[in-house]
Every structure is written in structure tokens, then in C-alpha cells.
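Enquirer: Structural data only, the sequence is not supplied:
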């Protein structure tokens with residue numbers, strides 16, 4: 001129970017960060033909890049807080065997402081998700097953890113190295129949609145890739161955040177469906193989810209409005225450096 005309490009506390013802190021900035025909650029949670037639990041269990045567990053963040057964040061945000069454009073993003077991401085789910089079932093625990101650490105570090109380096117928005121052609125944007133779907137299914141993480149794609153497409157911080165949350169909700173529902181079909185959820189993981197859920201709901205609901213107080217410059221800087229630091233810590237461990 002002490003381990004579940006620690007996991008719940010860490011998730012409250014890290015996913016408050018995600019509901020404010022739009023990503024990095026799972027990365028930060030994995031970096032911290034990887035010292036106490038295996039990475040695969042944490043990635044499976046992460047579907048709960050990620051879905052809660054997306055549902056609460058979208059519920060309390062303006063409805064400003066264009067359905068047709070969002071459908072295209074999810075269609076390409078679904079292609080990547082198929083590959084990611086297959087690789088998730090094939091990777092050993094040690095290989096999985098190493099690949100996860102390298103992926104987080106690479107995401108952080110890219111975002112820190114590109115502090116200003118860059119315009120990407122449509123084919124590159126679609127390739128990033130596929131890559132985000134693969135990364136979400138494999139690592140439970142797609143924020144850095146999805147956010148890079150969205151930052152190159154839209155100017156408004158709130159619009160970018162809402163597209164990101166909707167993307168995370170859709171891809172995590174795909175991941176959850178796969179876990180159910182394959183029997184991935186163990187009794188221990190389900191018990192951890194049931195214990196953590198009430199605390200996460202209260203914390204995320206009461207802090208979901210904080211994102212409006214963050215300006216665009218700090219929005220990108222804080223997230224980029226948080227991801228880079230997380231990757232470095234996992235590599236060192």
C-alpha cells in the first residue's frame with residue numbers, strides 16, 4: 001500500500017503538470033517511479049491518468065477543435081499504433097526500459113534545440129502523426145512528437161493544448177482497448193488504478209484552469225527542459 005500511495009502522490013504532481021502544459025506528465029512519472037516499479041507496469045497504469053487528464057481538460061475547455069482535421073490525425077496515428085502495440089508485446093523489460101530512456105532523451109533534445117516554432121510541410125506532419133501513434137502505443141508517450149507537430153500547425157496555445165488532449169484521449173482509448181483484448185491489465189494494476197483514481201480526479205479537476213496563466217514562451221521552455229532532464233536521469237540510471 002505504501003508503494004501505491006507513493007505512485008498516487010507522484011501521479012497527482014506530474015499529471016497536474018500535464019493538464020497545465022499539455023504533456024510530460026507520463027514522462028515525469030516514469031522517470032520518478034522507475035526507481036521503484038518496472039517500466040512496463042507503469043506504462044500500462046498510465047492509461048488511467050492520461051485519460052483523466054484528457055477528459056477533464058477537454059470538458060473544461062472551449063470546443064475549438066476542427067473535427068475533419070482531427071480525424072486525419074487519428075487515422076494516421078492509428079497506423080503507427082498497430083506497430084507500437086506489436087513492439088510493446090515483443091520487447092523484454094530491459095530492452096523496453098532502455099528504448100524508453102533513449103526516446104525520452106531524444107524528444108527532449110529536439111524540443112530544446114528548436115525553441116521557436118517551425119513550419120513543417122503536410123507530409124512531414126502526417127509522418128509525425130504516425131510516429132506519435134507508434135510512440136504512444138509502445139511507450140505510453142506521444143506528447144513531444146504530437147506537440148512538435150501541433151506547434152508547427154497552430155499559433156494559439158489553447159488550441160494546441162486542446163488538440164493535444166484530444167489526441168491523447170483517442171490514442172489512449174486505442175491502447176486501453178488493446179490491453180483489454182490481450183489481457184494486459186493484471187489484478188494488481190487494476191487495484192492500483194481504483195485506489196489512485198479518486199485522488200487524481202479531485203486534483204486534476206481543481207487545477208485544470210491553471211493553464212490559462214502560463215504564457216507561450218514559458219509554456220514551451222518548461223516542457224522542453226523537463227523532458228530533456230527526464231531522459232538524462234533515466235539514461236544515468
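Expert: It's in. Note that the structure is a prediction, hence the values are computed from the model and not measured. Numbering: from 1, shown residues only.
Enquirer: center of this protein - which residue?
Expert: For the chain, residue 141 is the residue whose C-alpha lies nearest the centre (Cα atoms, centre = their mean; 4.2 Å).
Enquirer: Please identify which helix or strand holds it.
Expert: Using DSSP states H and E, residue 141 is not contained in any helix or strand.
Enquirer: ok now do residue 79, which residues does it touch?
Expert: Taking Cβ atoms under 8 Å, 6 or more residues apart in numbering, we find residue 79 in contact with 130, 133. All C-beta spots, glycine's among them, are computed from the backbone N, C-alpha and C.
Enquirer: so where do the helices sit in this protein?
Expert: Taking DSSP state H, the helices of the chain run over residues 2-21, 25-33, 39-45, 47-59, 67-90, 93-113, 122-139, 143-151, 157-182, 187-207, 216-236.
Enquirer: Include mean pLDDT when you put those into CSV, please.
Expert: Below are those laid out as CSV (pLDDT from 0 to 100):
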stretch, mean pLDDT
helix 2-21, 87
helix 25-33, 83
helix 39-45, 86
helix 47-59, 89
helix 67-90, 82
helix 93-113, 73
helix 122-139, 81
helix 143-151, 74
helix 157-182, 83
helix 187-207, 91
helix 216-236, 71
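Enquirer: phi, psi of the residue nearest to the centre of the chain?
Expert: phi -130, psi 130 (degrees, to the nearest 10).
Enquirer: Now do it against residue 18, distance only.
Expert: As for residue 141, its distance to residue 18 is 11 Å (criterion: Cβ to Cβ, to the nearest Å).
Enquirer: Equivalent analysis for residue 53, please.
Expert: In terms of Cβ to Cβ, residue 53 sits 5 Å off from residue 18.
Enquirer: overlap in contacts of the two?
Expert: Contacts common to residue 53 and residue 18, judged by Cβ under 8 Å, 6+ apart, are residue 25.
Enquirer: Find me the pLDDT at the residue nearest to the centre of the chain, would you?
Expert: In this model, residue 141 is scored at 75, pLDDT.
Enquirer: Please apply the same query to residue 209.
Expert: Value for residue 209, per-residue pLDDT: 79.
Enquirer: Count the residues that sit near it.
Expert: 13 (other Cβ atoms under 10 Å).
Enquirer: again with residue 185
Expert: Neighbours of residue 185 using other Cβ under 10 Å come to 15.
Enquirer: hang on, it packs against residue 179?
Expert: Yes - counting by Cβ atoms under 8 Å, residue 185 touches residue 179, with 5.5 Å between them.
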